[in-house]
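> Build me a structure from this.
(chains A and B)
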Amino acid sequence: MPQSTDDLIAGLVDDLEPVTQLRQARGMALALGALVLGTAGMLFLYGPRADLVTGQPDAMLLLSAGLFLVLGLASSWAVVDMARPAVGTRREGWGWTALMAAMFPLAALGAMVVAWLQSRPSGLDSAGINCMRYGLVWSLVTFAALTLWLRRGAPMALARAGLLTGVAAGSAGIFAVSLHCPHNDVVHIGIWHGVTVVLAGLLGRIAVPRLIAW
Amino acid sequence: MIADEASLARLAGLAQRGDKQAYAALLGAGRHWLARYFRTKTLPHQIDDLVQDTLLSLHRKLASYDPERPFMPWLAAIARYRFVDHLRLVYRQAEDELDADHPALDSDEPAITARISLERLFESLPEAQQRAIELVKIEGLSISEAAASCGQSESLIKVNIHRGLKRLAAIVERA
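Sure, this is the predicted structure:
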């Protein structure tokens, strides 16, 4: 070995300072904090939907918001874990949750096709774009938290980390919006809420890798 | 001799708490393992650079190691990342050489403005760190060319770049 690597090691040892470990629990606390902050911000500014105020939430709200919440948590878990590298680690749990959540857009598309075949209105409301807009805005809280976490760590698969950061952020954002949005129909939730997560995932896939490269 | 997995994990945990002696032992063991790892993947004259780059990454990303997990897969993952990055750099350099016949015709103004901002930031760095960053990160010299140009050893160039960029990042974050 050349002498220069010895010098480098001596320099690095001299530079050593205690570091705070990137623990999974701390990362998840950060992701949960961002989710709570985004949801609280949304509800503070726009208020909860009427059935939540009366304490009798619609079953569709529980189902859809619950699925997006679980998708947000599962993908956040994967992102937090990705900051700590290891060869051969598999993080696929989020995929099954995403598959479950994808049932909403698929059901919406099915309902729209049936409506089209029967010459009925599709039921897709253009006002739903506001859900998407608000969902993307509030997703930025989780997006920022997870990106900062990844920047502290050493993610290996940058593209996948970006995609999952977007999915986690989009799910958190649309979960917050779900608590305000008065719609209970599968077409609105499947298309507008579903598209929010897909769009956030794409944005994460494009933007995050260059922010977390090391 | 490479220490066993449990010892390396313990050394890494101690290093995270600031134990310099444990860290020196860890880097020494890591260096030998990395040299063997890169020997099977790249040309002999590139091995030292890759070993040193990976040790620098290990230093920067020490917080990402979880002492409850084995150490070697963590180090291997970092080595693989650095190796892929190295390949990307090699291919990009080859592309740049092909493009060299078509110089850009854009205005120099943004480059001049960036240069002025950098020079202000550089005033807060020791001269050796300024020089190392300027030669490698701005003028695009290789580590060995920079070392020959300014009389610092190759490892000192790397340490000075690492320390200088760390200090610059701290200044930018404070601003």
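
> dump the residue contacts of residue A:122.
Shown in contact with residue A:122 (Cβ atoms under 8 Å, 6 or more residues apart in numbering or on different chains): A:112, A:115-116, A:187. All C-beta atoms are positioned from the backbone trio N, CA, C, and that covers glycine.

> ok, and for the worst-scoring helix or strand of chain A on mean pLDDT, which residues are buried?
Least confident helix or strand, chain A: helix A:93-101 with a mean of 81, by mean pLDDT, DSSP states H and E. For helix A:93-101, a neighbour-count test (16 or more other Cβ atoms under 10 Å in any protein chain shown) marks A:94, A:97-98, A:101 as buried.

> residues in contact with it?
Outside helix A:93-101, the residues touching it (Cβ under 8 Å, 6+ apart) are A:67-68, A:70-71, A:74-75, A:77-78, A:164, A:167, A:171, A:194, A:197.

> Following the chain past it, name the next helix or strand.
Per DSSP states H and E, the first helix or strand lying C-terminal to helix A:93-101 is helix A:103-117.

> hang on, the earlier thing: can I have the buried ones of the contacts of residue A:122 as a PyMOL selection?
Entered in PyMOL, the line below selects the buried ones among these, by 16+ other Cβ under 10 Å:
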select buried, chain A and resi 112+187
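
> Most widely separated two among the contacts of residue A:122?
Farthest pair in those (Cβ to Cβ) is A:116 and A:187. Separation: 11.7 Å.

> picking up where we left off before, out of the contacts of helix A:93-101, which are buried?
The buried subset of the contacts of helix A:93-101 (16+ other Cβ under 10 Å) comprises A:67-68, A:70-71, A:74-75, A:77-78, A:164, A:167, A:171, A:194, A:197.

> got the angle for the least confident helix or strand of chain A vs helix A:103-117?
Computed by axes from the mean of the first three to the mean of the last three Cα atoms, to 10 degrees, the angle separating helix A:93-101 from helix A:103-117 equals 30 degrees.

> how distant is helix A:93-101 from the center of its chain?
Between the centre of helix A:93-101 and the centre of its chain there are 12 Å (Cα atoms, centre = their mean, to the nearest Å).

> got a list of what the residue nearest the centre of chain A touches?
Taking Cα atoms, centre = their mean, the centroid of chain A lies closest to residue A:168, which sits 1.4 Å from it. Residues counted as contacts of residue A:168 (Cβ under 8 Å, 6+ apart) are A:31, A:71-72, A:75-76, A:78-79, A:142, A:146.

> Where does it fall, secondary structure wise?
helix A:158-178.

> which parts of that helix are buried?
A:158, A:160-178.

> same question, stretch B:60-77
B:60-67, B:70-72, B:74-77.
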